[in-house]
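Okay, here's the prediction I keep looking at, along with the sequence it came from:
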Amino acid sequence: MDRRRFIGYSLVAGSIGVSGCSPSEQQQQPKQAQSGTAATTPFELEEATAASLQDGMKSGKYTARSITELYLGRIQALDKQGPSLHSVIETNPEAVQIADALDAERKAKGPRGLLHGIPVLIKDNIDTADKMTTTAGSLSLTGSIPLQDSFVAKKLRDAGAIILGKANLSEWANIRSNKSSSGWSGRGGQCRNPYVLDRNPCGSSAGSGAATSANLTALSIGTETDGSIVCPSSTCGIVGIKPTVGLISRAGVIPISHSQDTTGPMCRTVTDAAILLSALTGVDPRDSATNASQGKAAADYTQFLDPNGLKGMRIGVSRLDFGFNPRVDKLMSDAIDALKKGGAEIIDPTNLDSLKQLDDSEITVMLYELKTDLNAYLASLGAKAPVKTLKEIIEFNEKNADRELQYFGQELFIQSEDKGPLTDSKYLEAFKKSQTLARVQGIDAVMSKNKLDAIIAPANGPAWTTDHINGDHFVGGSSTAAAIAGYPNITVPCGYVGGLPIGISFFGRAWSEPVLIKMAFAYEQATKHRRAPKFLPDSEAAITT
């Protein structure tokens, strides 16, 4: 599930995010892709990787500036015009200047590493203390600039990456309402799926997924509470890594839940995701959860990129996450055959039966933690913060209902505001129950019993048609166990249904990123399912193309 999709299961209701464009605009804009040429014109950096861009800069074919300008031009052509993906809320006005400085540094001292001069797009809930704002897509935070960089932004800058801009998202990471439509925010409008424009990109890291898939950026960063990295990665045909909670600091990230929130890479290849992950880890005094990563985080995750990484692995199959779409089940069957061919031993089924007892424990934890964590974040913005509490956000939305509440409400915000402190017995009981069911009786128990290295399941079903009247039409997915447990989950493309990408998820115990990367990379290299989107106007065009 996604940073909002957990609500769908926990409340036995909706699923995920909605659009800033009017319904008529939503119907009309995709057709521009049919008459425009930007979407079909060959792009010089199509499917470029960090390694290929580094090779280009080393040879003199490219500079950080020329690469940055190419991506900025691509954003202008495809995100603001043409298919109008609405995947980027704002670009960095200093990006070219930063690129020039990095080019001069490369010439004088050589590159800092694999990310030197590489543009990275980050989700608009990740703080940057620069000329960009950080708003979680909400109009209530318009103009908000934090007092300092997030840990993630600082690590990217230290690695020599260029923060290209802020990606659109499901507003407030999809925690405002259980009837939302993924990828919509008041600031950014409705993000579109680059494969089929009338389909949803999933959320809440919708813009990060769509922009990366559409080659508007080399790499991107998303955030997840439950599914918000793995779902848009799957529906947008890219690789997403949702790491162990505590592997990457959440300091300076607009929160939902300190027990589940994390940031993570969203890239077109497992290799690029491993490169990006390597740059983001570290213990941070501003986030106590990172203390647990001491001695467990790898300095370089690319060392685990082994094309023979499936050999000798014991992989379980979570059959409880199958059955929602027969064509997805067929892709998973093909994926299991590929895993076996690669030398893995498949244990089937290995179901996480404990999650059947979950009821509303997860959403209860979320609503308690949201109020506490979000109020603490807003306080960190200082006296100039546009809004200072969750209560003030609710009041802003009511006063600006024509712009913020035109498609769905804020009932979850209201429920969260009504919650008490984290010492309440209801919170403590719900937290203990959800952690026990997901960890002790869930992933840990199943993996120990079956001596597993990982568990696999379909990440989710095919992207649904974006619907601003009824909200999302999510049919199934597998993110919840790893999300509640705070354990790692990696999604890789495994095929297509009606032209729409589907991902396979590999998840396992805490700090098992190395073994999951080995398996994900070996599977990716054996199958090579990733293909660039064609910005087709609708599902009929996708099926007949």
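Happy to help now that I have it. What you see is a predicted model, and the numbers here were worked out from it, not measured in a lab. Numbering: from 1, shown residues only.

Tell me how far the residue sitting nearest the centre point of the chain lies from residue 247.
Note on the chain: the residue nearest the mean C-alpha position is residue 229, at 2.5 Å, using CA atoms, centre = their mean. Using CB to CB, to the nearest Å, we find residue 229 at a distance of 13 Å from residue 247. C-beta: built from backbone N, CA, C; applies to glycine.

in the protein, which ranges drop under the pLDDT threshold?
Residues of the chain meeting the criterion pLDDT under 70: 1-37, 545.

In the chain, mark out all the strands, start to finish.
88-91, 119-123, 162-167, 184-185, 189-190, 219-224, 239-242, 262-267, 314-317, 345-347, 454-458, 489-497, 500-507 (DSSP state E).

Select, out of the ones you listed, the one closest to residue 294.
Put simply, out of the strands of the chain the one that sits nearest residue 294 is strand 262-267, at 16.8 Å, with distance taken as CB to CB.

neighbouring contacts of the closest one?
Contact with strand 262-267 is made by 123, 126, 152, 205, 208-209, 212, 219-224, 229, 232-233, 238-248, 250, 253, 272-274, 276-277, 280, 486, as judged by CB atoms under 8 Å, 6 or more residues apart in numbering.

quick one: strands adjacent to that strand?
strand 219-224 (antiparallel), strand 239-242 (antiparallel) (DSSP bridges).

Touching, residue 57 and residue 68? I think so.
No: here residue 57 does not reach residue 68: they are 11.4 Å apart, not a contact under CB atoms under 8 Å.

Compare those two (neighbour count), which wins?
Legend: neighbour count by other CB atoms under 10 Å for residue 57 and residue 68, higher for residue 68 (27 against 21).

can you tell me which residues contact the more buried one?
95, 96, 99, 119, 162, 164.

Looking at these, which is nearest residue 364?
Using CB to CB, the contacts of residue 68 come closest to residue 364 at residue 164, 37.8 Å.

Now do the nearest residue to the closest one once chain neighbours are set aside: how many residues are near it, please.
Excluding the flanking residues, the one nearest residue 164 by CB to CB, 6 or more residues apart in numbering is residue 119, at 4.1 Å. Using other CB under 10 Å, residue 119 has 28 neighbouring residues.

Might you report the residue contacts of residue 119?
Applying CB under 8 Å, 6+ apart, we find residue 119 in contact with 67, 68, 71, 95, 161, 162, 163, 164, 217, 218, 219.

Now with 7 Å, please.
The contact partners of residue 119, by CB atoms under 7 Å, 6 or more residues apart in numbering, come to 67, 68, 71, 162, 164, 217, 218.

any idea how far residue 253 is from residue 380?
In terms of CB to CB, residue 380 sits 11 Å off from residue 253.

what's the answer for residue 224, then?
Distance from residue 224 to residue 253, by CB to CB: 11 Å.

which of the two has more neighbours?
residue 224 (33 against 28).

Please name the nearest non-neighbouring residue to the more buried one.
In space, residue 224 is closest to residue 242, 4.7 Å off (CB to CB, 6+ apart).

wouldn't the one you found be in contact with residue 491 here?
No: applying CB atoms under 7 Å, one finds residue 242 not in contact with residue 491, separated by 8.0 Å.

I'd like the strands paired with strand 262-267 written out as a markdown table, with distance to residue 306 added.
What follows is the strands paired with strand 262-267, written out as a markdown table (distance: least, CB to CB, whole Å):
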| stretch | distance to residue 306 |
| --- | --- |
| strand 219-224 | 22 |
| strand 239-242 | 16 |
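
Looking at those strands, which is nearest to residue 396?
Among these, strand 219-224 sits nearest to residue 396 (CB to CB), with 22.3 Å.

now that closest one and strand 119-123, what's the angle there?
For strand 219-224 against strand 119-123, the angle by axes from the mean of the first three to the mean of the last three CA atoms, to 10 degrees is 20 degrees.

List the contacts of strand 219-224.
Contacts of strand 219-224 (CB under 7 Å, 6+ apart): 3, 50, 118, 120-123, 125-126, 152, 167, 173, 205, 208, 211-212, 228-230, 232, 240, 242, 253, 261-267, 272, 276, 483.

these two touch, right, residue 466 and residue 197?
No: using CB under 7 Å, residue 466 is not in contact with residue 197, being 9.1 Å away.

just so I have it, where are all the helices in the stretch 151-300 of the chain?
151-158, 206-213, 230-235, 270-280 (DSSP state H, counting those that start in this stretch).

which parts of the shortest one are buried?
I take that to be helix 230-235. Using 16 or more other CB atoms under 10 Å as the test for burial, helix 230-235 gives 230, 231, 232, 233, 234, 235.

again, but for stretch 139-148
139, 140, 141, 144, 145, 146.

Quick one, which of the strands of the chain gets closest to residue 470.
strand 184-185 (13.4 Å).

circling back to that earlier point, what do residue 242 and residue 491 both touch?
With CB under 7 Å, 6+ apart as the test, residue 242 and residue 491 both reach residue 230.

Neighbour count: these two, which is higher?
More crowded of residue 242 and residue 491, by other CB under 10 Å: residue 242, with 36 against 32.

gap between that one and residue 232?
11 Å.

OK, contacts around residue 64?
57, 99, 102, 103, 117, 162.

mind redoing it with 6 Å?
Residues counted as contacts of residue 64 (CB atoms under 6 Å, 6 or more residues apart in numbering) are 99, 102, 103, 117.

my read: the second one touches residue 117, true?
Yes: with contact defined as CB atoms under 6 Å, residue 102 and residue 117 form a contacting pair (4.8 Å).

Quick check on these two: which one has the bigger neighbour count.
More crowded of residue 102 and residue 117, by other CB under 10 Å: residue 117, with 28 against 23.

Could you count how many residues lie near residue 373?
22.

How about it: what's its closest non-neighbour residue?
residue 255 (3.9 Å).

Kindly report the same for residue 371.
residue 416 (4.7 Å).

List the contacts of the one you found.
Residue 416 is in contact with 367, 370, 371, counting by CB under 6 Å, 6+ apart.

Distance of the nearest residue to residue 135 once chain neighbours are set aside relative to residue 122?
Leaving aside its sequence neighbours, residue 135 sits nearest to residue 141 (CB to CB, 6+ apart; 3.8 Å). Per CB to CB, residue 141 is found 16 Å from residue 122.

likewise residue 79?
15 Å.

which of the two has more neighbours?
Ranked by neighbour count (other CB under 10 Å), residue 79 and residue 122 place residue 122 first, with 31 against 26.

Could you give the number of residues near the closest residue to the more buried one other than its chain neighbours?
Nearest residue to residue 122, sequence neighbours excluded (CB to CB, 6+ apart): residue 221, at 4.4 Å. Neighbour count for residue 221, taken as other CB under 10 Å: 30.

which residue sits closest to residue 325, ignoring its sequence neighbours?
residue 461 (4.9 Å).

Could you pull up the contacting residues of that neighbour?
324, 325, 328, 475, 476.

which of the residues you listed count as buried?
325, 328, 476.

List just the nearest of these to residue 408.
After measuring those against residue 408 - CB to CB - the closest member comes out as residue 476, at 21.9 Å.

For that closest one, give its distance to residue 253.
Counting by CB to CB - residue 476 and residue 253 are separated by 28 Å.

can you check residue 89 too?
16 Å.

how about stretch 373-386: buried residues?
Of the residues in stretch 373-386, those buried (16+ other CB under 10 Å) are 373, 374, 375, 377, 378, 381, 385, 386.

which of those lies closest to residue 408?
residue 374 (18.7 Å).

Spatially, what comes nearest to that closest one if we skip its sequence neighbours?
That would be residue 390: by CB to CB, 6+ apart, it lies 5.3 Å from residue 374.

For stretch 139-153, C-alpha coordinates in CSV please.
Output in CSV follows, covering the C-alpha atoms of stretch 139-153 (Å, rounded to 0.1, in the frame of the first residue of the first chain):
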residue,chain,number,x,y,z
LEU,A,139,-1.2,25.6,-1.0
SER,A,140,-1.1,26.2,2.7
LEU,A,141,2.7,26.0,2.6
THR,A,142,3.1,28.2,-0.5
GLY,A,143,6.4,30.1,-0.1
SER,A,144,7.7,27.9,2.7
ILE,A,145,11.5,27.6,2.8
PRO,A,146,13.0,25.6,5.7
LEU,A,147,15.8,26.9,7.9
GLN,A,148,18.2,24.1,6.8
ASP,A,149,18.5,21.4,4.2
SER,A,150,17.1,18.0,4.9
PHE,A,151,19.6,15.2,5.5
VAL,A,152,18.8,13.8,2.1
ALA,A,153,19.4,17.1,0.3
